[in-house]
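>>> Fold the following and give me the result.
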Amino acid sequence: GRPPAAPAESDDVIDETLFFFKANVLFRHFELKGNADRVLIYLTLYITQCLKKLEGLPDRVSALKALTSMAHESFLIPGDAGFALGTFFPSPQ
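Predicted structure coming up:
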């Protein structure tokens, strides 16, 4: 379901991911302190995939179409062979 909105004076998880994106992509190792760290890592990977999809596109309309198409594609989840973050996410029970 949809998470509750963050108070107006604080950052939500998306704000935090975008703010720390540049620093987080440079880390080779992450110390997980809880599920919030897993969400941050997952969102960082998703943003990286979005940016790769946007590479070389000529305009905003093409970018929107590419990202919309990407959002509707099938994707791997924890437990699937080839899931990029398998070491951070345990397989579902």
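
>>> need the helices for this structure, in chain order.
13-26, 35-54, 60-71 (DSSP state H).

>>> give me the number of residues near residue 54?
14 (other Cβ atoms under 10 Å). (Each C-beta comes from the backbone N, C-alpha and C, glycine too.)

>>> distance of it from residue 21?
According to Cβ to Cβ, to the nearest Å, residue 54 and residue 21 sit 14 Å apart.

>>> ok so, going back, let's have the helices of the chain in JSON lines, adding mean pLDDT and distance to residue 2.
Listed next are those as JSON lines, based on pLDDT from 0 to 100; distance: least, Cβ to Cβ, whole Å:
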{"stretch": "helix 13-26", "mean pLDDT": "90", "distance to residue 2": "12"}
{"stretch": "helix 35-54", "mean pLDDT": "91", "distance to residue 2": "14"}
{"stretch": "helix 60-71", "mean pLDDT": "96", "distance to residue 2": "16"}
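
>>> burial measure for the residue lying closest to residue 42 once chain neighbours are set aside, as a count.
Nearest residue to residue 42, sequence neighbours excluded (Cβ to Cβ, 6 or more residues apart in numbering): residue 85, at 6.5 Å. By the criterion of other Cβ under 10 Å, residue 85 has 15 neighbours.

>>> Model confidence score at residue 85, please.
Residue 85 is assigned 82 on the pLDDT scale.

>>> Also the one 3 residues further on?
Turning to residue 88, the model gives it a pLDDT of 79.

>>> and it, how many neighbours?
The tally of other residues near residue 88 (other Cβ under 10 Å) stands at 15.

>>> Likewise for residue 31?
Residue 31: 6 neighbours (other Cβ under 10 Å).

>>> right, and residue 76 touches residue 84 too?
Yes - using Cβ atoms under 8 Å, residue 76 is in contact with residue 84, at 7.3 Å.

>>> Closest to the centroid, which residue in the chain?
Central residue of the chain (Cα atoms, centre = their mean): residue 43, 1.9 Å from the mean position.

>>> Surely that one is in contact with residue 12?
No - contact between residue 43 and residue 12 fails when scored by Cβ under 8 Å: they sit 11.0 Å apart.
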